[in-house]
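Asker: structure for the following, please:
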Amino acid sequence: MMLTLTSERRLTVQTAGIICAVTAILVYLNTLDCGICFDDEPAIKNNKDLLPATSWSQLLWHDFWGQPLDSPTSHKSYRPLCVATFRLNYLLHELQPMGYHLVNVLLHSAVCFLYVQLCGVVFGKVWPALIAGLLFAVHPLHTEAVAGLVGRTELLSALFFIGAFLIYRKGAVQDTGYRWLLLSCALCLCSALSKEQGITVVAVCVVYDFFVLHKMDFQSSLQLLDTIRLNPFETPRWFVRFLKRVLLLAVFTVGFLAMRIKIMHGAPSISIFGKNVNPPLFMDTPYRQLNWLYLCFVNAWLLFNPSRLSPDWRFGGVPKITSVTSPLNLLTLTTFAVVTILAVYCLRGNGKKQKVVLLGLSLLVLPYIPASNLFFPVGFVVAERVLYLPSMGFCFLVGCGVWHALKLNAKRRPVKILLQVVIAYLVAVHSAKTLLRNRDWHSGFSLYTSGLQQNPKSGIFLSNLGTDYAMMKNYSIAEQLFKTATEVAPNYSKGFFHLGKVMFLTNRYKDAEEPLKRAIQLGVVDTSTDKLAETYTFLVNAISKDATRAEEAMEICDEAIALYPYYGKLYAIKGGILLKLNRNNESVPLFEEAIRKNPGLALAHYNLGSALSRLGDKLNAEKAFQRVLLIDPGSSHAKLQLGVLLHDSSEELKLKEAERLLLDVVSAEPRNPEALFYLAELYLRLQQYRKAQETYLRVVQIQTGHKTALYNLGVLYYRFGDYDKAVIALRRALQSDPANADVANLLGLAEERVRLSDAL
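Answerer: Prediction:
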């Protein structure tokens, strides 16, 4: 494709934007069948802020993962606008992934369209805008932001970021008062409420206004200051208007940051990140700073060469700098040298090319600063999705460079064709890479497998892959993966937690204790639930399986409650131990406290019903089991216990309900002897003797020594004159209970009937 002045005139910026938007849809179309995995699970699957029962206003006081911002374990990631879009998705189709992915693809397409408009107004040319737009649309680094659902924060933030810039530019160019400026501030607020990086659009607008729009450089800036210093009354009118705009932006920014700090209740605790999340944070000076500065090179290299991509860069994904003489520091110096040279080049000249490069540099550097760790710590070392905004500057610079090279070689047809082939090849290769990378995000299984290919010693990928195997009930492979995770990452607490959990699930309670205790010792923090408290629940349950260690289990439970008084499940578990010890009166207050802490905790309602049933309070026990079924309509345990309670009732409606509940349990669990036995008992009460006989027969086929079922079956056989079968059933009942006189007497009568029948 030849880029000529004629084609330049034919192609409009809007058409170029549509081309890039459609291209973006095409390369990400194969993400629509991807699932919900990795960080998407705590942000969407486990986020209570998406549920209709949660007030919309709670989004303003919770972090991105659904935790209260004043919680000590909150990451303070405040993105209510993005969470609101997730909630709208949930209202429409709950947890069906396609709708979430469709929104992400459409958002990326919209960003691409607006990005081309931004490039067009700055370049003043269509083709460099198209080049930059195509590179941005297909860049493989964006896969995590588009295919990963939590990347919607970046997509929304970028959409409002570009909108805020374009509106600000319109107001600054036309100088039409504050209407456009206020609208720009509103869009900037939306960008920042989608992702923290959005606030940096303010700085980009100031750079554009002063250096690009008003064509200022370093020398002219000094001259302006001298003029103002010597005679303030000769201050240029454009500069006064510029200062007014900057003042308004400054007031807005300070106001937003003050609001943000107040809502956050302070900065996040460093302890929540952990050594595995942000290792340099726990290193001494100057190595901490050297590692963070080196990350600038790592991120820049990902933009240049996105051949090695990973959803998580912890556990050796990025080499550590432990010496001032490390050769890695040379890469850091090179990165900063290039940026400095470009900045100096832009500020020393007043040509259009220099102004365009300066804006591209601003788009690259300024949005990256909040994620750089240089001013405040963040919860990662490298995260590909946070480069979505900075990549706009990178693609902008590439588009500018390619177009400049084409102009320089306008009369050298072979060179010009070669440049066009190179850029077409780059777009094609990036598109292919993106299409392939999208498939890695198809499921957690495929994502973690691809991650291990990049980093075989990643504790998080090993652990997450093990969790997937555990969900498939393949506990042996899961356990091996968890063990490997604890070996390659001995400080990764979640590996020990999941290892202990899988041992617990395979009834190896004693073996589970050591890894669970190790997990507690290391400390486990999760973005959606308090895993440390959950670790305590598994440890207490494992210990309490040994009846002789009940007191020890309750002591550990008390320790956990002191640390996590808000975690209702701990109260329920302690109450459950007391219930096993038949200390029913003591257990009831604990179950009630668990329900106060967590009204939706089915376990607490169920155990409360069991305790009340034992204490003879059948009415309140019924209510407790009914609440369980409201929370979990498919709970067979609750249906069984409620059916057992109701089957003794004298009310016909309750007896009918008992039959329905018990039939539901039997339908789900055809070999459940307890459900079958009480169903048979119910039929006996209802005088449906044939049904009772058939059901008792099913009980004794499953549980051959069930003495009551055998006796009642014998009674029914005797009633219907089937004395041979009555004798067989009663003899088996007598074997199970030799001292039962009723069984012996009825057996004697049945045997007599058999003898008389034989005599006849």
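Asker: mean confidence for stretch 613-626?
Answerer: The pLDDT scores in stretch 613-626 average 94.
Asker: sorry, that was for stretch 392-402
Answerer: 94.
Asker: same question, stretch 301-308
Answerer: Averaged over stretch 301-308, pLDDT sits at 93.
Asker: dump that stretch to PDB, keeping only the CA atoms.
Answerer: Once non-C-alpha atoms are left out, stretch 301-308 reads as follows in PDB (Å, rounded to 0.1, in the frame of the first residue of the first chain):
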ATOM      1  CA  TRP A 301      11.200  -3.700  26.700                       C
ATOM      2  CA  LEU A 302       7.800  -5.400  26.900                       C
ATOM      3  CA  LEU A 303       6.500  -2.500  24.700                       C
ATOM      4  CA  PHE A 304       9.300  -3.000  22.200                       C
ATOM      5  CA  ASN A 305       9.400  -6.800  22.300                       C
ATOM      6  CA  PRO A 306       6.200  -8.400  23.600                       C
ATOM      7  CA  SER A 307       7.400 -12.000  22.800                       C
ATOM      8  CA  ARG A 308       7.500 -13.200  26.400                       C
END
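Asker: buried stuff in it?
Answerer: 302, 303, 306 (16 or more other CB atoms under 10 Å). (Glycine included, C-beta is placed from N, CA and C.)
Asker: and the residues you listed, which of them are in strands?
Answerer: Among the buried residues of stretch 301-308, DSSP state E puts none in strands.
Asker: narrow those residues to those in helices?
Answerer: If you go by DSSP state H, those have 302, 303 in helices.
Asker: low pLDDT regions in this structure?
Answerer: 1-9, 176-177, 266-275, 524-530, 760 (pLDDT under 70).
Asker: before we move on, back to that, in JSON lines: the buried residues of stretch 301-308, plus distance to residue 442.
Answerer: Formatted as JSON lines, the buried residues of stretch 301-308 follow (distance: CB to CB, whole Å):
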{"residue": "302", "distance to residue 442": "22"}
{"residue": "303", "distance to residue 442": "25"}
{"residue": "306", "distance to residue 442": "19"}
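Asker: closest one of the buried residues of stretch 301-308 to residue 377?
Answerer: Using CB to CB, residue 302 comes nearest to residue 377 of these, at 20.5 Å.
Asker: so what's the residue count around the closest residue to that closest one other than its chain neighbours?
Answerer: Nearest non-adjacent residue to residue 302, counting by CB to CB, 6 or more residues apart in numbering: residue 141, 5.8 Å away. Counted with other CB atoms under 10 Å, residues neighbouring residue 141 total 24.
Asker: oh, and call the first residue 7 from now on, that's how I've got it
Answerer: Right, with 7 as the first residue, what we last looked at is residue 147.
Asker: any idea how far residue 147 lies from residue 436?
Answerer: Remark: distance between residue 147 and residue 436 (CB to CB, to the nearest Å) = 9 Å.
Asker: now for these two: what residues contact both?
Answerer: Counting by CB atoms under 8 Å, 6 or more residues apart in numbering, the residues touching both residue 147 and residue 436 are residue 312.
Asker: what's residue 611 in contact with, if anything?
Answerer: 597, 601, 630, 631, 633, 634, 637.
Asker: and the fourth one, what element?
Answerer: It refers to residue 631. helix 624-637 (DSSP states H and E).
Asker: tell me the secondary structure at residue 325.
Answerer: When classified by DSSP: H, G, I helix; E, B strand; the rest coil, residue 325 comes out as coil.
Asker: next up, the contacts around it.
Answerer: Residues near residue 325 by CB under 8 Å, 6+ apart: residue 334.
Asker: same thing with the one 5 residues further on?
Answerer: When contacts are counted by CB under 8 Å, 6+ apart, residue 330 touches 292, 296.
Asker: list the contacts of the residue nearest to residue 308.
Answerer: Per CB under 8 Å, 6+ apart, neighbours of residue 147: 308, 309, 312, 315, 390, 393, 394, 397.
Asker: circling back: just the angle between the helix or strand that the helix holding residue 631 is followed by and helix 624-637, please?
Answerer: Using DSSP H and E, the helix or strand that follows helix 624-637 in sequence is helix 642-652. Helix 642-652 runs at 150 degrees relative to helix 624-637, counting by axes from the mean of the first three to the mean of the last three CA atoms, to 10 degrees.
Asker: list just the nearest of the buried residues of stretch 307-314 to residue 164.
Answerer: Distance to residue 164 across the buried residues of stretch 307-314 (CB to CB) is lowest for residue 309, with 15.2 Å.
Asker: ok, then the element right after the helix or strand harbouring residue 484?
Answerer: Applying DSSP H and E as the criterion places residue 484 in helix 481-494. As assigned by DSSP H and E, the chain's next helix or strand after helix 481-494 is helix 499-511.
Asker: list the buried residues of that following helix.
Answerer: Neighbour counts over helix 499-511 (16+ other CB under 10 Å) mark 499, 500, 501, 502, 503, 504, 505, 506, 507, 508, 509, 510 as buried.
Asker: would you list those in TSV and tack on distance to residue 97?
Answerer: Output for the buried residues of helix 499-511, formatted as TSV (distance: CB to CB, whole Å):
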residue	distance to residue 97
499	36
500	32
501	36
502	38
503	33
504	33
505	38
506	37
507	33
508	35
509	40
510	36
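Asker: ok, so of these, who is nearest residue 360?
Answerer: residue 500 (50.0 Å).
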